[in-house]
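Student: what would the 3D arrangement of this be:
(one chain, ligands or ions: 1)
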Amino acid sequence: MMRPGLDLRPVPFRKMHGLGNDFVVIDARAGAPRVTPALARALGDRHFGVGFDQLAEILDPDRPDEAARVVFWNPDGGVAGACGNATRCVARLLMEESGADALILRSERGPLACRRRPDGLIEVDMGAPVLDWTAIPLARPADIDALPIEGAPSAVGMGNPHCVFFVDDAEAVALERLGPAVERHPLFPERTNVEFVQVLSPGRIRMRVWERGAGVTLACGSGACAAAVAAARRGLTGRRVEVLLDGGALQIDWRDEGVVMAGPAALVFEGRLSPEFLAGALGAGAPAGAIGAEAPSGALGAGAPSGAGGAA
Ligand SMILES: N[C@@H](CCC[C@H](N)C(=O)O)C(=O)O
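Tutor: The predicted structure is shown next:
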């Protein structure tokens, strides 16, 4: 039921995916109202909302050489510092909009150079891996190539934390049981994404993933980058690998300039969030500048990072 006197307008959105890692994309450029943690949680509900693994919010750039800023929300209402698959989706949209074959997006972790390859795949330089325990972050000093956790996983940061286990058979891993336990392991003060990796050959790995703030997903771009870095550091693979995920394959190349990921980006549908849904999602109201605010001002709404234990 809509609150009396609340004037909400439908909010356009797109549904996209990269290898089945699915996203709602909201364009909040040009002073359009901002996403709030409450909206992200309501919209992320696959029964009462639209459902997504992440919500990508596109914002105006603050540098002339960049196309846009992008904020990634998890369905728990927290903000993630990186999302490789959603970065490709946003890059595809903005390349189609501008006609360019290359552009720079900025996320919480910094600039991300994106380009469309001749084979149609979208390539993103995800930046250098974070290998310093304080920055991943870990709660205390530890060997990042053999953490003091059963199974001796690796820790790698890609703008978000990842805990990578090497296993003999990725299909046999009890992801739904182990994922949530490792996500909240005390060694990871901001929680962590969890990857289980089976090395198939020096150029190919199989990976299954449990995402922080989202659960089991069909693919994770930053996780594939982290897994490739962890495997190469252990000498199990070269620096160029194909990563086989439940939703398909990503190509990862750990170069001097950064970890470069290539994969598809698909548009599924476009829609509009109804005023009725927005009123229910926003409950007692939204802050100025946010979707559902009665007098949008363009002010930035801020969500707590998923790592800070969820959003307000
Ligand atoms: N699906 C993403 C990663 C999403 C972020 C993650 N859940 C987090 O909280 O860090 C990807 O493709 O990288």
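Student: can you pull out the helices in the stretch 201-312 of the chain?
Tutor: 221-233, 275-282 (DSSP state H, counting those that start in this stretch).
Student: what's the answer for the stretch 1-150 of the chain, then?
Tutor: In the stretch 1-150 of the chain, the segments counted as helices under DSSP H, counting those that start in this stretch are 37-44, 84-98.
Student: tell me the buried residues in stretch 244-259?
Tutor: If you call a residue buried by 16 or more other C-beta atoms under 10 Å, then stretch 244-259 has these buried ones: 244-247, 249-254, 258-259. (Each C-beta comes from the backbone N, C-alpha and C, glycine too.)
Student: please tell me how far the residue nearest in space to the middle of the chain sits from Gly44.
Tutor: Per C-alpha atoms, centre = their mean, the C-alpha nearest to the average position across the chain is that of Cys83, at 2.5 Å. To Gly44, Cys83 is 14 Å away according to C-beta to C-beta, to the nearest Å.
Student: is it true that Ala155 touches Ala142?
Tutor: Yes. The criterion here is C-beta atoms under 8 Å, and Ala155 meets it with Ala142 at 7.4 Å.
Student: all strands for the stretch 201-312 of the chain, in order.
Tutor: When assigned using DSSP state E, counting those that start in this stretch, the strands of the stretch 201-312 of the chain occupy the ranges 204-211, 215-217, 240-245, 248-254, 259-263, 266-273.
Student: do the stretch 51-200 of the chain as well
Tutor: Counting by DSSP E, counting those that start in this stretch, the stretch 51-200 of the chain has strands at residues 54-59, 68-73, 79-80, 102-107, 110-116, 122-125, 154-157, 161-166, 193-201.
Student: need those in JSON lines with mean pLDDT and mean neighbour count, can you?
Tutor: What follows is the strands of the stretch 51-200 of the chain, written out as JSON lines (pLDDT from 0 to 100; neighbours: other C-beta atoms under 10 Å):
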{"stretch": "strand 54-59", "mean pLDDT": "98", "mean neighbour count": "25"}
{"stretch": "strand 68-73", "mean pLDDT": "98", "mean neighbour count": "25"}
{"stretch": "strand 79-80", "mean pLDDT": "96", "mean neighbour count": "26"}
{"stretch": "strand 102-107", "mean pLDDT": "98", "mean neighbour count": "19"}
{"stretch": "strand 110-116", "mean pLDDT": "97", "mean neighbour count": "19"}
{"stretch": "strand 122-125", "mean pLDDT": "98", "mean neighbour count": "21"}
{"stretch": "strand 154-157", "mean pLDDT": "98", "mean neighbour count": "26"}
{"stretch": "strand 161-166", "mean pLDDT": "98", "mean neighbour count": "27"}
{"stretch": "strand 193-201", "mean pLDDT": "98", "mean neighbour count": "23"}
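Student: write out the residues of this structure neighbouring the ligand.
Tutor: Residues of the chain lying near the ligand by C-beta under 6 Å from any ligand atom: 21, 53-54, 74, 80, 82-85, 160, 193, 211-214, 217, 220-223, 306.
Student: quick one on the thing from earlier: could the helices of the stretch 1-150 of the chain go into CSV alongside mean pLDDT and mean neighbour count?
Tutor: Listed next are these as CSV, based on pLDDT from 0 to 100; neighbours: other C-beta under 10 Å:
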stretch, mean pLDDT, mean neighbour count
helix 37-44, 96, 24
helix 84-98, 98, 23
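Student: okay, the strands of the stretch 51-200 of the chain in CSV with distance to Ala174 next?
Tutor: Formatted as CSV, these follow (distance: least, C-beta to C-beta, whole Å):
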stretch, distance to Ala174
strand 54-59, 24
strand 68-73, 27
strand 79-80, 24
strand 102-107, 32
strand 110-116, 34
strand 122-125, 31
strand 154-157, 20
strand 161-166, 12
strand 193-201, 10
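Student: tell me how far Leu278 lies from the ligand.
Tutor: Distance of Leu278 to the ligand, given as C-beta to the nearest ligand atom, to the nearest Å: 24 Å.
Student: nearest spatial neighbour of the residue nearest to the centre of the chain, skipping sequence neighbours?
Tutor: Counting by C-beta to C-beta, 6 or more residues apart in numbering, Phe72 is the residue found nearest to Cys83 once chain neighbours are left out, at 4.1 Å.
Student: which residues are in contact with both of Ala155 and Ala142?
Tutor: Residues touching both Ala155 and Ala142 (C-beta atoms under 8 Å, 6 or more residues apart in numbering): 133, 187.
Student: per-residue pLDDT, the residue nearest to the centre of the chain?
Tutor: Listed pLDDT for Cys83 reads 98.
Student: state the phi and psi torsions of it.
Tutor: phi -160, psi 100 (degrees, to the nearest 10).
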